[in-house]
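S.K.: Please find the sequence and the predicted model below.
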Amino acid sequence: MLFLSGCSFGSKEMKIEKPVSESNSVSILDIQKKAEQNVKDATQKGQEKINKAMENAGLDDLSFVKKYSKATIKTNMGNIEVEFFGKDSPITVNNFMKLASEGFFDGTKFHRVIKDFMIQGGDPNSKDDDWSNDGMGGPGYAFKDEFNSKKLVRGSLAMANSGPNTNGSQFFVVTAEETPWLDGKHTNFGKVTNGMDVVDKIEAMEANENDHPLEDVVIKGIDLK
């Protein structure tokens, strides 16, 4: 569909814009170059902002990923054993481990479950009984994506986000056999090695229209190994 603006009909004349002449081509190129530079500058400033936030959050310290490679996510429905992709996504893995070591996830819930797709948790807002803001919380900072060649398939552990470079604390476990539409959009930072039966039980729980389980699935703690 073609929309026309700046045109009028009826008794009034319709203004016809003249084609751009060669004399104007230089100014057009200048405008394009300036626009491209503005985008480049904005991207650079955005990256600098992300880097500063990561530095302030201590995400440049990879001490946890050097020490641990696995974890047990303990829930009121059973344990989920995971193995991390520390070499492929070190910042993401280290962030998860750091938060786990601080007890950040303790008392949080799996606040979103979608059958044949995934279960999602890691939001501090889910600790209370108010469901209205579940899925909107985080650690107070965001960090960059770390995409890798590993596909998001059943058992994958990945970061939830609200767009590029908006990772925080929320994560999900894939229950579908494969999810190619998520590859390159969510950082894949680990996999379930034991306890997929627990994941499946959580996924199968009855949920409301917002995919929130009607019964609480609580993370009691996460032990690093």
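M.R.: Perfect, thanks for sending it.

S.K.: model confidence over stretch 192-208, on average?
M.R.: Confidence for stretch 192-208, expressed as mean pLDDT, is 99.

S.K.: Could I get the full set of helices for this protein?
M.R.: Assigned helices in the chain, in chain order: 22-56, 63-67, 90-101, 196-203 (criterion: DSSP state H).

S.K.: From the rest of the structure, what touches stretch 133-146?
M.R.: 47, 50, 53-54, 56-57, 59, 88-92, 95, 99, 104, 109, 111-112, 120, 123-126, 159, 161, 164-170, 187, 189, 212 (Cβ atoms under 8 Å, 6 or more residues apart in numbering). Any C-beta I mention is one placed from the backbone N, CA and C, and that applies to glycine too.

S.K.: rewinding a little: lowest average confidence across the helices of the chain, which one?
M.R.: Among the helices of the chain, helix 22-56 carries the lowest mean pLDDT, at a mean of 59.

S.K.: tell me the phi and psi of the residue positioned nearest the centre of the chain?
M.R.: The chain has Asn161 as the residue nearest its centroid, 2.0 Å off, counting by Cα atoms, centre = their mean. Per-residue torsions, Asn161: phi -150, psi 170 (degrees, to the nearest 10).

S.K.: Please shift the residue numbers so they start at 37 in all later answers.
M.R.: Yes, from this point I'll number from 37; that puts the last item at Asn197.

S.K.: Hmm, Lys187 is touching His222, no?
M.R.: No: counting by Cβ atoms under 8 Å, Lys187 stays clear of His222, with 11.3 Å between them.

S.K.: More neighbours: those two, which one.
M.R.: His222 (21 against 14; other Cβ atoms under 10 Å).

S.K.: gap between that one and Lys237?
M.R.: From His222 across to Lys237, the span is 23 Å (Cβ to Cβ, to the nearest Å).
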